[in-house]
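Undergrad: Okay, sequence plus prediction incoming.
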Amino acid sequence: MMQRLPICEVQTDLEKKFTKNRITILVGETGSGKSTQIPQFILRMSNGTEKIAVTQPRRVAAINLAKRVAEETKTTLGQDVGYTVRFQNMSGPNTKIKYLTDGMLLRELLLRTSLDQYTTIILDEAHERTIITDLLMGFLKTLLQTRVNLRLIVMSATLDADRFSRFFDGAEVLYVQGRRFPVQRYFLSKPVEDIVDATVRTAIQIHSSEPMGDILAFLAGQEDIDKVVDTLNDMIRSLPVGLPELVALPLYAALPPQQQLKVFEKVPGNKRKIIIATNIAETSLTISGVRYVIDGGTQKVKVWRHDLGLDSLLTMPISKSNAAQRMGRAGREAAGKCYRLYTETDYGGLRSQMEPEVERCDVSFPILTLKLAGVTDVLGWNWLERPSKAAIMSALMQLYTLKALDDEGKITELGKKMAVLPLPPHLSAVLLDAYQKGIADAVLDIVSCLSIENLIMNPHPDKRDEVNGKRLPFITASGGMGDLVVLRNYVQHYRSLLSSEEKKEWCKELHINYRAMSNVEDVRKQLESYLKAGSANSKSEDKSAKLGPSILNEQIIQCFLTGFVSNTALRLPGKTYRTIAGGQNINVHPSSSMFDKKVDAIMYTEYMFTTKAYARNVSPIDLQWLQQIAPHFLSRRTAGSDY
DNA sequence: GAGCACTGC
C-alpha cells in the first residue's frame, strides 16, 4: 500500500487555515506532497466549486503534476484536472484544478487582467524566484484588493518564507514536513586546488569503499564535466580486480537529447553509474538510484551588466539552499551520503539563497510588462525585490530606443504589440518592423531560431572538421551576409526535406538539434498567428519570396538593426571591433561565419563575456543604414568618443 | 580559434 503523505496528517488543520486566510504562505520540503495534495484539499473543502490555478516554473513539472493528480482522482486528464503550457492545452471550461507554467498565468493576467476564472491561485516553487513568479506576486498583491473572493497560496520549499509573508502584509506561514531519508554529509578539512582531480578521487573512493548505489556529481560547466568523464573512463581500466565496473556519464543541457537519455537507462549487471552534471540535475531532471552526491560547490550564473549591455557567464559559489537541494538528491529513495568538496567554514560563508533573477538580468522585459499592465511609476511599483535604479533606467532607455515607450515613458501602440508577443522586446521590435515592411515571412524563420536554445550544437573536437565541411555550403550560400542569413538557410533547407527521417538524418550530420528544430517550426507558426491577430486591419502582402536574395538579405539585416542598434561595433586595426555604444573591445566568436571576414561595421544579437568579450550571431552592416535607422544614436554616441 | 548554467510565453 502506498505510504501516506505527511501532508495528509495535517489536512484538517490546513483546511481551517485556508478557510480563514485569503493569503497563506506554505513551506513544505520536497516529498511533502504539497503540489499534488493542496489543490485537492481546496477542491474538497469547497465541495468541488472552486477553480484552482497552480503555477510551476517548468513545463514538464506542470504536465507531470496534472497527470498524477488526474490519476489520483480517477478522472480523465483535461476534464476536472488539466494543464496549460505553451503549445499544449489539456484543460477545458470545466477544469477545476489547472496546472500551468507561471509564464502562462502571466499571459492570462495580461490579456484578461483580473483572472476572474479562478477562485484560488497557488504559486508553487516560489523560492526559485524566477522573474515571472516575482512579477506575479506583485500583480496578485494588487489584484487581491479588488477580487475579494480570490485566495492566494504561495508555496516554497525553503525557509525563506518571512520575505513572502512580509510582502503580503504579515500573511500566515504554515509548515509541513517533508518525507525523505537521512543523508550523511561530509566536508573537506582544507580547500581543494583542482576540482576535477578532487571529484575524480572522491568518486573512486566511494566506488571502492561504499555499498552499491549510483553517484551524482555537480560541477559548474561542460568543460570540467567532460574532463572528469574522460579521466574516469581512463582510470576504469586500471581499477583493482574484483571491483564492479564504473560507468561515467555527462549531463548538461547542451548535450544532444539522445546522450541525455543515457543517464536514465539502467546499467546492466553489477555496475555502478556515476553521472557528472550541471545544476540541470538539481531541479529539472531527477535520476533514480542515486545514493551518493558529490557537490563541487559552484555553478555558472549569467549576470547582466546594464552599463555595458553585456552578459557575463561567471562561475560562482552556490548558496546554502542549493547545497541542501543537491544533498537531498542522495536521499530520495534510501539513506545516502553527500560529499561536499569544500570546507565547513566555506559553507558557513555561503549566502542562504541565490540572488533573485530579477536582480541580475536585463529588466527590459519585466518593465515593458509593467507598462502594458498600466503601471506608470515602475520605480515605485510593489516589487518583491526591486532591481537597482540604474538597471531600471537602462531598461527604460532601451525600450525608448525601440520606440516601445514615448518621451513621457508611456507605452506606445507599438510597445503594446511588442509586449504581447512571446519574445524578448528586441526581437519583438525586429519582427514588427519586418511585418510592416512586408518581409515577416523571411524574418520569422530567423527570429524563431533565435528564441530556441541549443539549436546549433558544438561538434566534438574530433568531429569538428567533418561537421564544418557539411555546414560550409550553407555559409557560402549566405554570400558573406552573416550568421542570421546562415540560420535562415538551415531552416529553409530543413523545411524542403520531405520526410522526418530525412530531416533527422540531415540534422544529425550538421549537428543541429532535431527536436529544437521542430520547436522552431512551432514557434514560427505561433508567432505568425499572433502577428496576424494583432494587426488585422493593417494587412500587407509579404514580398519575401519576390525579392532577389541579396536585396532580401540586406532588408533582413536592416530589420534586425531596428531592434539591435545598440549592438553594433566598428572595426579597429586588426580583427577586433569596438562597440559604438560603450566603446568596449569585442571579438567575433570563432563559431561565427564572420570570424575571419573583415568588414567595417558589424551588428550582433548577443554580446557575452566568457574567456573574452564575444559577439555572436554577427552580420555585416553598412554605416549608412545605421545613419538612416538611428541617426540620433550614432551622432550622440560618437560625438564624445575617440573615433 | 571558442567550447555557455537554467527556464518561460
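TA: Received the coordinates, thanks.
Undergrad: drop to CA atoms for contacts and neighbour counts, all remaining ones
TA: Fine.
Undergrad: And chain A, what are its domain boundaries?
TA: Domain segmentation of chain A under automatic domain parsing yields A:6-176, A:183-355, A:358-419, A:421-557, A:564-639.
Undergrad: Endpoint to endpoint, the shortest one covers what distance?
TA: For domain A:358-419, the separation between the terminal residues is 18 Å (CA to CA, to the nearest Å).
Undergrad: again with the second one
TA: End-to-end span of domain A:183-355 (CA to CA): 26 Å.
Undergrad: if you average pLDDT over that domain, what comes out?
TA: Across domain A:183-355, the average pLDDT comes to 89.
Undergrad: at contact distance from DNA strand B, anything in that domain?
TA: Yes. Contact of domain A:183-355 with DNA strand B (CA under 7 Å from any atom of the strand) involves A:220-223, A:252-254, A:278-280, A:284, A:299-302, A:313.
Undergrad: I believe A:Met316 is in a strand; please confirm or correct that.
TA: Yes. Assessed by DSSP: H, G, I helix; E, B strand; the rest coil, A:Met316 belongs to a strand.
Undergrad: how many neighbours does it have?
TA: 13 (other CA atoms under 10 Å).
Undergrad: Let me see the contact set for it.
TA: Contact partners of A:Met316, counting by CA atoms under 8 Å, 6 or more residues apart in numbering, are A:Thr298, A:Gln299, A:Lys300, A:Val301.
Undergrad: Most neighbours out of those residues, which is it?
TA: In terms of neighbours by other CA under 10 Å, these top out with A:Thr298 at 23 neighbours.
Undergrad: Can you report how many residues neighbour the nearest residue in space to that residue that is not next to it in sequence?
TA: Leaving aside its chain neighbours, A:Thr298 sits nearest to A:Pro317 (4.3 Å; criterion: CA to CA, 6 or more residues apart in numbering). Using other CA under 10 Å, A:Pro317 has 21 neighbouring residues.
Undergrad: Now stretch A:50-60: buried residues?
TA: The neighbour-count check on stretch A:50-60 (16 or more other CA atoms under 10 Å) flags A:Glu50, A:Lys51, A:Ile52, A:Ala53, A:Val54, A:Thr55, A:Gln56, A:Pro57, A:Arg58, A:Arg59 as buried.
Undergrad: quick one: A:Gly348 from DNA strand B, how far?
TA: Applying CA to the nearest atom of the strand, to the nearest Å, the value for A:Gly348 to DNA strand B is 23 Å.
Undergrad: hmm, I was thinking of A:Lys503
TA: Using CA to the nearest atom of the strand, we find A:Lys503 at a distance of 23 Å from DNA strand B.
Undergrad: give me every residue that touches that residue.
TA: Contacts of A:Lys503 (CA under 8 Å, 6+ apart): A:Tyr494, A:Leu497, A:Tyr514.
Undergrad: Just the buried positions in the longest helix seen in chain A, please.
TA: Longest helix of chain A, by residue count under DSSP state H: helix A:514-534. Using 16+ other CA under 10 Å as the test for burial, helix A:514-534 gives A:514, A:516-521, A:523-524, A:526-528, A:531.
Undergrad: re earlier: show me which of the buried residues of stretch A:50-60 neighbour DNA strand B.
TA: Restricting the buried residues of stretch A:50-60 to those touching DNA strand B (CA under 7 Å from any atom of the strand) yields A:Pro57, A:Arg58, A:Arg59.
Undergrad: between the domains of chain A, which has the poorest average model confidence?
TA: Among the domains of chain A, domain A:564-639 scores lowest, at a mean of 85.
Undergrad: Please compute how far that domain lies from its chain's middle.
TA: Put simply, domain A:564-639 sits 26 Å off its chain's centre (CA atoms, centre = their mean, to the nearest Å).
Undergrad: Look through chain A and report the residue furthest from the middle.
TA: Of all residues in chain A, A:Val241 has its C-alpha farthest from the mean position, at 44.8 Å, by CA atoms, centre = their mean.
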